[in-house]
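>>> kindly generate the corresponding structure for this input.
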Amino acid sequence: MIAGATDEGVCLLEFTERKILEAQWTGLRRLLKATVTEGPHPHFSLLQQELDAYFAGELHTFTVPLHMPGTEFQQAVWQLLLAVPYGDVRSYKQQATLLQRSEAVRAVGHANGMNRISIIVPCHRIVAGNGHLTGYGGGIWRKEWLLAHESRHQKK
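Predicted coordinates:
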């Protein structure tokens, strides 16, 4: 995985083989009016600790600060993603309805796809209305793995 951060928080956590990774960097540069440089960042230590704990099945809620620049609609969708409980799933339609925009199912799906903070902003927890796994930029196989991982480690 690759991560990016600003003083406000983590602004990118993505799988390195994603086809749109370069476009995400370009979008961040534009949105933040910033230059992307390689190197350590104070948020990366907590990010690494929390990711390690998540993958060990010990962490269900991340506390690392996040910086999620985007449109008002995208930010609303991403905030709603943060409310989907660990180990649970919701449909795109449910998400649209919770946003009081029940007709905006496709727009919700698009905003999910524009999420730049994988795992922490859990777009992998959103499924088709029939329960099928769809629409995960990291790959359906990875979405399936993440959901199974969370199911195994969910507190009963």
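>>> C-alpha only now, for contacts and for neighbours.
Will do.
>>> in this structure, which segments are predicted with low confidence?
Low-confidence segments of the chain, defined by pLDDT under 70, span residues 18, 20, 35-37, 156.
>>> quick one: the helices in the chain?
Remark: helices assigned in the chain by DSSP state H are 21-32, 42-55, 72-82, 92-98, 105-113, 140-153.
>>> out of the ones you listed, nearest to Ile126?
Closest approach to Ile126 among the helices of the chain (Cα to Cα): helix 92-98, 6.1 Å.
>>> the closest one - contacts with which helices or strands?
Helix 92-98 is packed against helix 105-113, with contacts defined by 3 or more Cα pairs under 8 Å, 6 or more residues apart in numbering; DSSP states H and E.
>>> contacts made by the helix it packs on with the rest, please.
Defining contact as Cα atoms under 8 Å, 6 or more residues apart in numbering, one finds that helix 105-113 is touched by 73-74, 77-78, 92-93, 95-96, 123, 135-137.
>>> next one: stretch 19-28
In contact with stretch 19-28 (Cα under 8 Å, 6+ apart) are residues 14, 34, 36, 69, 116.
>>> possible to save those residues as a markdown table with distance to Lys143?
Supplementary listing: those in a markdown table, determined by distance: Cα to Cα, whole Å:
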| residue | distance to Lys143 |
| --- | --- |
| Glu14 | 13 |
| Ala34 | 31 |
| Val36 | 28 |
| Pro69 | 24 |
| Arg116 | 15 |
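>>> highest neighbour count among those residues?
Neighbours were tallied for each of the contacts of stretch 19-28 (criterion: other Cα atoms under 10 Å), and the maximum of 26 neighbours falls on Arg116.
>>> about what we covered before: by neighbours, which of the contacts of helix 105-113 wins?
Counting neighbours by other Cα under 10 Å, Cys123 comes out on top of those with 29 neighbours.
>>> that one and Pro40, how far apart?
Counting by Cα to Cα, to the nearest Å, the separation of Cys123 from Pro40 is 26 Å.
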